[in-house]
Every structure is written in C-alpha cells, then in structure tokens.
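Colleague: let's see this in three dimensions:
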Amino acid sequence: MGLPLIDGNYTRSRAVVHVPGKALRLRASAVAEEFARHATVRRLLLAYSQALVAEIMQTALCSRHHGLEQQLARLILLRMDRQQSDELTMTQESMAGMLGVRRESVTLAAARLQQGGCIRYARGHISVLDRGGLETRTCDCYHTIRCEFERLLRPRPLY
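Modeller: Numbers count the residues shown, from 1 in each chain. Below is the predicted model:
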C-alpha cells in the first residue's frame, strides 16, 4: 500500500475504506511487478503519488492557516470530486479524525455550513445543496489540490 511499493519496500499497513462501495485488494508483489514492467502503470502511480504528496503538504498548511469551516468545506468538496456525487456518507467522528480536531468542533462547523444553506447533514449523511456556496466558504487550498490532481492525472496521449 502506498509509496513503499514502488521500490519493493513492503510494510505492514492497514487500509480503511471510508466510502460505501467496492475496494480491491492486491498482493504487493503484483503491484510492484506491474510497476516495474509497464511504463503506463509506472507513470500513473508516480503521478498519483506526486498528487497525494501535494495534497498532504497543502492540507498541513491549511490546518495551520485556515479556519475549521474552510477546512471542512475543503474536505467535503474533495470527497465530492472523488465520488462524483452530491451525497456523502461521513460521520462527524471520521471528519474530526481527518481534520485533527474534536468532534464537537466539526459539529459546530457543519452547523454553520448547514445554516448557510450549503449542506444538509444528518446522522453521517451529507447532502450538498449549494456547491457554489460551499466553494465560496472554502479556502484556496481546495482549488490548489484539485488543480494539482487534474494536472497530474489528466489523460495523456499514448505516443
């Protein structure tokens, strides 16, 4: 799982799927073999790794310089982009863990987003009612992360 697979440095780790749906489990050796054998797989995994590192760095900056409501809006928008849906399943506990704050703080931030008409939140289910409004409440970190993923992972010609 993750960057250690690139050079065959396997580590024991645990993956958690945070969204409903299906997940695949592959042997680390199979991923490493495909990485070594196929340039297309190698380019894709390296590009994704670079985008993920950029997201981690931007998120660290965001948590230091921006308010919780902005961070929560960023988190919701990024999840929406990846799930391609306006309906998300996330508990306040899981959001708090991802943002590194107390659950009660997420409750207050989510309530402000709900009062602003951006989301409807009930028992781990988030409906985005006004994506534009949510985008105005987030910081530039959302757009920075989104643009970096699009830049690095957009389809490229095969020649």
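
Colleague: could you give the average pLDDT over stretch 27-45?
Modeller: Throughout stretch 27-45, pLDDT has a mean value of 87.

Colleague: quick one: end-to-end distance for it.
Modeller: Using Cα to Cα, to the nearest Å, one end of stretch 27-45 lies 16 Å from the other.

Colleague: chain center to the lowest-mean-pLDDT helix or strand in the chain, what's the gap?
Modeller: Here the helix or strand of the chain ranked lowest by mean pLDDT, DSSP states H and E is helix 28-37, holding a mean of 86. Using Cα atoms, centre = their mean, to the nearest Å, the distance from the centre of helix 28-37 to the centre of the chain it belongs to is 25 Å.

Colleague: check stretch 127-142 too.
Modeller: Here stretch 127-142 is found 15 Å from its chain centre; the criterion is Cα atoms, centre = their mean.

Colleague: can you tell me the average pLDDT over that stretch?
Modeller: On average, stretch 127-142 scores 96.

Colleague: could you identify the helix or strand that succeeds the least confident helix or strand of the chain?
Modeller: helix 39-65 (DSSP states H and E).

Colleague: report the angle between that next one and helix 28-37.
Modeller: Interaxial angle, helix 39-65 versus helix 28-37 (axes from the mean of the first three to the mean of the last three Cα atoms, to 10 degrees): 110 degrees.

Colleague: follow-up on the earlier one: next, the buried residues of the least confident helix or strand of the chain.
Modeller: For helix 28-37, a neighbour-count test (16 or more other Cβ atoms under 10 Å) marks 28, 31, 32, 35 as buried. (C-beta placed from N, C-alpha, C; glycine too.)

Colleague: what's the closest non-adjacent residue to residue 126?
Modeller: Among residues not flanking residue 126 along the chain, residue 88 sits closest, at 4.4 Å (Cβ to Cβ, 6 or more residues apart in numbering).

Colleague: right, I'll leave it there.
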